[in-house]
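Peer 1: structure for this input, please:
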Amino acid sequence: MFMVAQVKVPRITTIAIRLRHYFRNMECQDLQPPASVRGMQELQRDRFQKSVQVPRLRLPESQVQRVMPLVKKLLLKMEHLHPVRAVDQSREILLHPTPVKNWESLPTEELQKQEVTQEHFSFAELELGYENWSASEILKSVLPADEEGLTSYSRIGHIAHLNLRDHLQPYKQLIGQVLRDKLPNCRTVVNKAASIDNTYRNFQLELICGEAEYQVETKENGVPFEFDFSKVYWNPRLSTEHERIVKMLKSGDVLYDVFAGVGPFSVPAAKKRCHVLANDLNPVSFHWLQHNAKRNKCLPHIKMFNKDGRQFIVEELREDLLKRLLTTDTSSYAIHITMNLPALAVEFLDAFRCLYRVEDLAELPENVVYPTVHVYSFAKGENTKALVQELAEKHLGATLDDSLLQGISFVRNVAPNKDMYRVSFRLTYHLLTTSKEELITRKRCAQEDNEIESDLQNSANKVKCV
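Peer 2: Residues are numbered from 1 along each chain as shown. As a prediction, this is how the structure comes out:
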């Protein structure tokens with residue numbers, strides 16, 4: 001409501017009052033939907049009708065323009081409600097009942113200078129209905145007060161995508177109708193029906209309201225995409241992460257996108273004139289990847305494949321990378337490998353081990369710079385950052401020490417104690433030319449040598465003591 005600050009000057013104390021730019025309607029009981037709608041499971045829009053008394057100024061039209069700057073922060077703002085409206089030959093300015101309790105609540109001195117007096121102030125009856133509250137306000141008034149409400153949803157083109165918890169399942173039809181009514185250009189509302197456990201990692205959807213129309217057009221970071229949301233994976237919550245990776249890339253850099261989906265990394269990178277090899281196992285994702293590359297006019301800079309991720313690494317990536325390592329100055333541009341399949345991607349890291357024979361890399365230039373891998377993974381537990389590093393190290397068969405590790409970046413929280421991370425590390429000659437088992441054996445031998453040396457040293461010390 002009011003924010004009060006004391007400013008102290010010698011022998012003078014001034015009370016400065018700063019009003020909010022707006023007042024939350026749901027904090028004012030008079031402006032809340034009727035209490036009787038609580039627990040409603042079938043949407044009945046007429047039950048939201050309500051009459052309230054609100055303060056107003058009624059003025060000749062000629063005075064409105066001069067008065068508005070004085071009361072701008074006190075206006076009543078609700079959905080589909082104009083705070084200034086014509087009444088007979090005059091204008092009515094509706095004010096918010098939270099800050100305005102009476103005439104004295106207004107800046108009376110300034111108003112009187114504009115020939116506005118207490119006679120212009122009164123309370124008027126206002127009819128409110130379903131159309132005057134937002135989706136969040138409607139749902140907050142309907143869903144159980146002692147349970148967590150609808151905390152979030154995703155917008156993908158004309159689709160609103162929900163992941164409803166069990167206690168909200170009885171209200172899913174109502175939630176769907178409210179969102180379809182209230183969200184601009186929303187024609188379809190779906191609920192995530194099951195966890196992602198199929199080969200192609202796309203959502204299993206339940207239509208709860210609207211049209212069963214899943215082909216969408218959307219924009220991410222200014223780049224247009226089109227796809228069938230029911231058959232591919234797309235998560236708008238990853239848009240910031242997509243942008244982070246694309247910002248790392250410069251024209252002439254190289255991107256190998258192992259699990260490209262419909263192209264949220266690959267297409268923007270190709271638009272920046274990077275050299276892109278993009279792959280996805282899902283034939284539908286592959287179709288829309290090609291479509292989006294063509295739509296964004298970046299086909300000359302991208303090659304696309306429809307293969308298993310491991311096969312892509314040991315075939316296309318291996319061949320293209322070898323050519324670059326041997327015949328180009330890799331210190332003059334950057335090479336990145338993205339692996340965004342957080343449930344499984346770490347399991348593909350061993351494909352980089354022994355990707356080349358020693359003789360394949362026998363003629364490497366001295367200033368060779370190896371690629372940076374960005375692998376995404378979920379981790380569940382207490383210290384998720386440490387856990388995700390352990391997962392990457394386990395499947396890579398190597399310790400990610402300071403010489404290899406570029407960083408571990410938090411991406412988003414997925415569920416309680418479950419987080420998504422990006423682990424970025426540099427490939428090396430040894431990783432690319434030794435197998436996972438060989439490195440572990442060498443490490444074990446080194447540990448055994450250290451133990452033997454330690455035992456010998458202890459024995460020597462004992463002899464000296466005698």
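
Peer 1: helix/strand/coil for residue 101?
Peer 2: Classification of residue 101 by DSSP: H, G, I helix; E, B strand; the rest coil places it in coil.

Peer 1: tell me the contacts of it?
Peer 2: Residue 101 makes contact with residue 55, according to CB atoms under 8 Å, 6 or more residues apart in numbering. Glycine gets a C-beta too; all of them are placed from N, C-alpha and C.

Peer 1: and it, how far from residue 139?
Peer 2: Using CB to CB, to the nearest Å, residue 101 is found at 30 Å from residue 139.

Peer 1: okay, the nearest residue to residue 405 once chain neighbours are set aside: pLDDT?
Peer 2: Using CB to CB, 6 or more residues apart in numbering and skipping the chain neighbours, the partner closest in space to residue 405 is residue 425 (5.2 Å). Note for residue 425: predicted pLDDT of 98.

Peer 1: tally of neighbours for residue 425?
Peer 2: 25 (other CB atoms under 10 Å).

Peer 1: in the sheet, who's paired with it?
Peer 2: residue 373, residue 405 (DSSP bridges).

Peer 1: now do residue 302
Peer 2: According to DSSP bridges, beta-bridge pairing links residue 302 with residue 276.

Peer 1: what's the neighbour count on it?
Peer 2: 26.

Peer 1: need the contact list for residue 255.
Peer 2: For residue 255, counting by CB under 8 Å, 6+ apart, the contacting residues are 249, 265, 266, 269, 274, 275, 276, 277, 278, 336, 337, 338.

Peer 1: to clarify, my last question referred to residue 369.
Peer 2: 330, 331, 334, 335.

Peer 1: again with residue 118
Peer 2: Contacts for residue 118 (CB under 8 Å, 6+ apart) come out as 103, 108.

Peer 1: for residue 94, see how far away it is.
Peer 2: Distance, residue 118 to residue 94, using CB to CB: 17 Å.

Peer 1: same thing with residue 249?
Peer 2: The gap separating residue 249 from residue 94 is 52 Å, by CB to CB.

Peer 1: next: residue 26.
Peer 2: Distance, residue 26 to residue 94, using CB to CB: 18 Å.

Peer 1: and the two? which has more neighbours close in?
Peer 2: A count of neighbours by other CB under 10 Å puts residue 94 above the other of residue 26 and residue 94, at 22 against 14.

Peer 1: element containing that one, please.
Peer 2: Element membership for residue 94 (DSSP states H and E) is strand 90-94.

Peer 1: now that strand, how far from the chain's geometric center?
Peer 2: The chain centroid and the centroid of strand 90-94 are separated by 42 Å under CA atoms, centre = their mean, to the nearest Å.

Peer 1: how about the following helix or strand past it: buried residues?
Peer 2: Using DSSP H and E, the helix or strand that follows strand 90-94 in sequence is helix 108-113. For helix 108-113, the neighbour count (16 or more other CB atoms under 10 Å) marks residue 111 as buried.

Peer 1: for the record, mean pLDDT for helix 108-113?
Peer 2: 95.

Peer 1: in its sheet, which strands sit next to the helix or strand following it, and in what direction?
Peer 2: Toward the C-terminus, helix 108-113 is succeeded by strand 121-128 as the next helix or strand (DSSP H and E). Partner strands and pairing direction for strand 121-128 (DSSP bridges) are strand 50-60 (antiparallel).

Peer 1: okay, the angle between the strand it pairs with and strand 90-94?
Peer 2: 130 degrees (axes from the mean of the first three to the mean of the last three CA atoms, to 10 degrees).

Peer 1: hmm, who's touching strand 50-60?
Peer 2: 30-31, 33-34, 67, 71, 76, 87, 89-97, 100-102, 105, 116, 120-129.

Peer 1: which neighbouring elements make contact with the following helix or strand past it?
Peer 2: Once the chain leaves strand 50-60, the next helix or strand it forms, by DSSP H and E, is helix 61-71. On a contact count with 3 or more CB pairs under 8 Å, 6 or more residues apart in numbering; DSSP states H and E, helix 61-71 meets strand 50-60, strand 90-94, helix 108-113.

Peer 1: now do the buried residues in the first one.
Peer 2: For strand 50-60, a neighbour-count test (16+ other CB under 10 Å) marks 50, 52, 54, 55, 56, 57, 58, 59 as buried.

Peer 1: what is the least confident helix or strand in the chain?
Peer 2: Ranking every helix and strand in the chain by mean pLDDT, DSSP states H and E puts strand 12-19 at the bottom, with a mean of 40.

Peer 1: in a markdown table, list the buried residues of strand 50-60 along with distance to residue 176 and pLDDT.
Peer 2: Listed next are those as a markdown table, based on distance: CB to CB, whole Å; pLDDT from 0 to 100:
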| residue | distance to residue 176 | pLDDT |
| --- | --- | --- |
| 50 | 24 | 96 |
| 52 | 29 | 96 |
| 54 | 32 | 97 |
| 55 | 37 | 97 |
| 56 | 37 | 96 |
| 57 | 41 | 97 |
| 58 | 42 | 96 |
| 59 | 43 | 95 |
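
Peer 1: and of these, the nearest to residue 316?
Peer 2: Set against residue 316, the nearest of the buried residues of strand 50-60 by CB to CB is residue 50 (63.8 Å).

Peer 1: can you give me the offset of stretch 116-136 from its chain's centre?
Peer 2: Worked out by CA atoms, centre = their mean, stretch 116-136 lies 37 Å from the chain centre.

Peer 1: kindly format the C-alpha coordinates of it as PDB.
Peer 2: The C-alpha coordinates for stretch 116-136 follow below in PDB (Å, rounded to 0.1, in the frame of the first residue of the first chain):
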ATOM      1  CA  VAL A 116     -11.600  19.800  -8.500                       C
ATOM      2  CA  THR A 117     -13.300  19.800  -5.100                       C
ATOM      3  CA  GLN A 118     -14.800  17.200  -2.800                       C
ATOM      4  CA  GLU A 119     -18.100  17.600  -4.600                       C
ATOM      5  CA  HIS A 120     -16.500  15.800  -7.600                       C
ATOM      6  CA  PHE A 121     -15.600  12.800  -5.400                       C
ATOM      7  CA  SER A 122     -18.000  10.000  -4.500                       C
ATOM      8  CA  PHE A 123     -18.400   6.200  -4.400                       C
ATOM      9  CA  ALA A 124     -19.900   4.300  -7.400                       C
ATOM     10  CA  GLU A 125     -21.300   0.800  -7.700                       C
ATOM     11  CA  LEU A 126     -19.200  -1.200 -10.100                       C
ATOM     12  CA  GLU A 127     -20.300  -4.600 -11.700                       C
ATOM     13  CA  LEU A 128     -17.400  -7.100 -12.000                       C
ATOM     14  CA  GLY A 129     -17.400 -10.400 -13.800                       C
ATOM     15  CA  TYR A 130     -15.300 -13.200 -15.000                       C
ATOM     16  CA  GLU A 131     -13.800 -11.100 -17.700                       C
ATOM     17  CA  ASN A 132     -12.300  -8.600 -15.200                       C
ATOM     18  CA  TRP A 133      -9.800 -11.100 -13.600                       C
ATOM     19  CA  SER A 134      -6.700 -12.500 -15.100                       C
ATOM     20  CA  ALA A 135      -6.100 -16.300 -15.400                       C
ATOM     21  CA  SER A 136      -3.900 -16.300 -12.300                       C
END
